[in-house]
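K.L.:
sequence plus the predicted model coming up.
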Amino acid sequence: MATQGEIEKSSAGTEAVEPVLNSSKNEEVDPYLVTWNGENDPEHPYNWSLVRKWSITILLSNGGLVTLMSGVMLAPALPSISADLQTGEEETQIFLSIYVLAFAFGPMVLSPLAEVFGRRPVWILSSCFYILWNTVAGFSRTPGLMIASRVLSGIGASAEFSISNPVLSDCWIPSQRGVSFAISTFIPLLGPAIGPIIGGAVSQSIGWRWTFWILSIYDGFLVAIALFVFKETYGVLILNEKASKLRKSTGNPYYTQWHGASEKLSDRLSRSLTRPIRLLITQPILQVVAIFLAYNFGMLYLVLSTFATLWIDRYGQTQTQSGLNYIALVIGYTIASQVGSRIMDRLWAYLKAKAGNDTAPEYRVPLMIPGAILIPLGLLIYGWTAEKHVHWVVPDIGIAILGCGIINNTQSLQAYVMDAYRDYVASASAASQFLRSIAGFAFPIFAPAMYQSLGYGWGNSVLALTFVVIGWPAPFLLWRYGATLRAMGSKKGL
């Protein structure tokens with residue numbers, strides 16, 4: 001149960017998206033200002049039952065699973081797709097990576113819409129849009145239709161990046177954020193691991209087209225569940241709707257601290273739709289986080305896009321056997337998400353107590369340190385053991401270590417953004433993820449050429465060295481200068 005003390009301020013002085021729960025003072029000043037009915041208001045998502053909050057969290061996590069599975073599930077089937085559509089290696093690789101490019105642009109529109117119309121309708125309609133175009137991709141007979149349908153399905157699927165983090169911020173108090181992350185990030189990141197396993201088995205048995213149709217069927221099942229389970233979580237919208245009902249029933253000018261009684265929808269839309277790009281341009285801390293996330297995500301997709309090829313070409317495995325190696329990623333993700341999320345909560349509580357009950361987004365940063373060590377270590381083990389054709393279990397150990405590091409860094413950076421921009425979690429998350437999605441598209445395109453020229457050993461050594469240059473200073477930069485960078489970004493007029 002949330003208490004007023006749980007609705008904290010960030011060190012930059014920004015209130016949480018929910019107003020102060022005890023609103024008696026506001027009501028004395030202005031009886032038409034709509035706020036929560038005390039700290040135990042049952043309408044506040046913080047005070048919902050654990051069953052309801054976990055149901056929504058797990059539902060959206062499964063939506064994220066579909067999103068990331070769809071990105072890499074066809075990787076083992078690329079040779080079959082190339083043969084059927086008569087495309088070369090580079091063009092075929094675009095079928096895989098163009099989907100990820102849509103993740104950069106989809107949230108820049110969907111996140112503001114979620115701040116105007118709510119999380120629920122945006123997620124449901126976007127999922128239906130994904131189902132439509134992902135199904136069309138399975139019927140593609142030309143490269144053009146395949147590329148177009150992959151882009152459009154990617155835009156629909158990108159709702160996961162627009163909605164999931166904001167919903168976590170809506171429902172879970174900061175001290176529970178690590179626990180919620182344990183599920184919300186773990187399930188989606190199983191997608192890049194189990195997607196190729198299923199994709200290899202499906203494409204080899206019943207054909208590559210079913211790699212699309214199976215995901216469409218599963219996402220349709222999730223949408224059906226959402227109609228009954230997914231209740232709107234956005235506190236701003238809940239209060240705005242309450243004020244609107246009071247205006248209609250009484251004729252009095254009820255309003256909220258965000259929207260006046262006479263504010264037009266067009267004004268709200270025009271302000272909201274430009275917010276992600278304004279945040280990215282005006283907030284130095286978001287620019288720094290975006291660069292860190294970009295290299296993490298791009299490097300992960302570079303490795304994943306060539307992982308199946310390694311086992312098929314160098315180790316002589318079948319498509320199905322090559323997919324099984326992705327289980328190593330599952331193991332790495334599981335360890336990192338379950339252990340790291342709990343460490344995050346404990347560190348946050350410890351640092352909060354040490355600071356006299358004050359909080360700051362920087363309390364999420366320490367978890368990045370093990371991630372910064374594990375990522376280059378995993379790259380080097382994976383690359384050089386694959387280069388020397390060592391027994392398959394050793395490259396898999398390297399990829400598991402890499403997965404651990406990626407999860408630790410991702411969890412820390414996402415939690416940092418959520419704490420730093422609680423008023424605009426959806427837009428801030430979209431802004432921070434814009435560059436990473438572009439990197440996820442671009443990196444796999446040059447992956448085959450890099451490994452052909454340098455081999456797996458030196459190729460991964462270049463990636464590891466680049467990460468050391470970019471990633472090792474990251475936690476120290478955020479810890480030491482994070483508050484300064486956040487203060488440099490004006491939030492006026494957002």
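P.N.:
Okay, I see it. Numbers count the residues shown, from 1 in each chain.
K.L.:
going forward, measure contacts and count neighbours with C-alpha atoms only.
P.N.:
Fine.
K.L.:
where does pLDDT dip in the stretch 251-400 of the chain?
P.N.:
The stretch 251-400 of the chain contains residues with pLDDT under 70 at 258-264, 319.
K.L.:
and if we set it to 80?
P.N.:
251, 253-272, 301, 304-306, 308-309, 318-323, 337-338, 341 (pLDDT under 80).
K.L.:
so which residues of it form helices?
P.N.:
265-273, 275-282, 284-309, 319-324, 327-354, 368-387, 393-420 (DSSP state H, counting those that start in this stretch).
K.L.:
winner for burial among these?
P.N.:
helix 393-420 (a mean of 25; mean count of other CA atoms under 10 Å).
K.L.:
how far does that one sit from the chain's center?
P.N.:
In terms of CA atoms, centre = their mean, to the nearest Å, the centre of helix 393-420 is set 13 Å apart from its chain centre.
K.L.:
for the residue most central in space within the chain, pull up the helix or strand it's in.
P.N.:
For the chain, F161 is the residue whose C-alpha lies nearest the centre (CA atoms, centre = their mean; 4.3 Å). Using DSSP states H and E, the element containing F161 is helix 159-171.
K.L.:
beyond that helix, next helix or strand please.
P.N.:
That would be, after helix 159-171 and using DSSP H and E, helix 177-184.
K.L.:
what about that next one, average pLDDT?
P.N.:
Average pLDDT, helix 177-184: 72.
K.L.:
contacting residues around the following helix or strand past that helix?
P.N.:
Sequence order places helix 186-189 as the next helix or strand after helix 177-184, per DSSP H and E. Applying CA atoms under 8 Å, 6 or more residues apart in numbering, the contact partners of helix 186-189 are S61, N62, G63, G64, L65, V66, T67, L68, Y333, T334, S337, Q338.
K.L.:
against R480, how distant is Y382?
P.N.:
Here Y382 is placed at a distance of 33 Å from R480 (CA to CA, to the nearest Å).
K.L.:
sorry, wrong one. I was asking about M344.
P.N.:
M344 is 18 Å from R480, by CA to CA.
K.L.:
stretch 183-195: which residues count as buried?
P.N.:
Residues of stretch 183-195 classed as buried: 183-195 (neighbour count, 16 or more other CA atoms under 10 Å).
K.L.:
columns distance to I369 on top of the residues you listed, output as JSON lines?
P.N.:
Below are the buried residues of stretch 183-195 laid out as JSON lines (distance: CA to CA, whole Å):
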{"residue": "I183", "distance to I369": "22"}
{"residue": "S184", "distance to I369": "22"}
{"residue": "T185", "distance to I369": "19"}
{"residue": "F186", "distance to I369": "19"}
{"residue": "I187", "distance to I369": "23"}
{"residue": "P188", "distance to I369": "23"}
{"residue": "L189", "distance to I369": "20"}
{"residue": "L190", "distance to I369": "23"}
{"residue": "G191", "distance to I369": "25"}
{"residue": "P192", "distance to I369": "24"}
{"residue": "A193", "distance to I369": "24"}
{"residue": "I194", "distance to I369": "27"}
{"residue": "G195", "distance to I369": "29"}
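K.L.:
and the longest helix for this structure?
P.N.:
Secondary structure of the chain per DSSP state H: the longest helix is helix 425-471.
K.L.:
G371 reaches G405, doesn't it?
P.N.:
Yes: G371 is in contact with G405 according to CA atoms under 8 Å; the separation is 3.8 Å.
K.L.:
now, among the buried residues of stretch 183-195, which is nearest to P444?
P.N.:
Closest approach between those and P444, by CA to CA: P192, at 13.8 Å.
K.L.:
remind me which helix or strand the closest one belongs to.
P.N.:
Residue-wise, P192 maps onto helix 191-205 under DSSP H and E.
K.L.:
just checking, what packs against that helix?
P.N.:
Contact analysis of helix 191-205 by 3 or more CA pairs under 8 Å, 6 or more residues apart in numbering; DSSP states H and E lists helix 50-72, helix 210-229, helix 319-324, helix 327-354 as its packing neighbours.
K.L.:
next, S49: phi, psi?
P.N.:
phi -70, psi 150 (degrees, to the nearest 10).
K.L.:
that one and G88, how far apart?
P.N.:
Distance from S49 to G88, by CA to CA: 53 Å.
K.L.:
likewise P192?
P.N.:
In terms of CA to CA, P192 sits 24 Å off from G88.
K.L.:
also N37?
P.N.:
62 Å.
K.L.:
now F105
P.N.:
Taking CA to CA, one finds F105 at 27 Å from G88.
K.L.:
who has more neighbours out of the two?
P.N.:
F105 (20 against 11; other CA atoms under 10 Å).
K.L.:
and that one, that one's in a helix?
P.N.:
Yes: counting by DSSP: H, G, I helix; E, B strand; the rest coil, F105 is found in a helix.
K.L.:
so who does it touch?
P.N.:
With contact taken as CA under 8 Å, 6+ apart, F105 is in contact with I155, F434.
K.L.:
neighbours around Q452, how many?
P.N.:
Neighbours of Q452 using other CA under 10 Å come to 10.
K.L.:
scratch that, V469 is what I was asking about
P.N.:
Using other CA under 10 Å, V469 has 10 neighbouring residues.
K.L.:
check what pLDDT it gets.
P.N.:
Model confidence at V469 (pLDDT) stands at 90.
K.L.:
roughly how far apart are I225 and I124?
P.N.:
10 Å.
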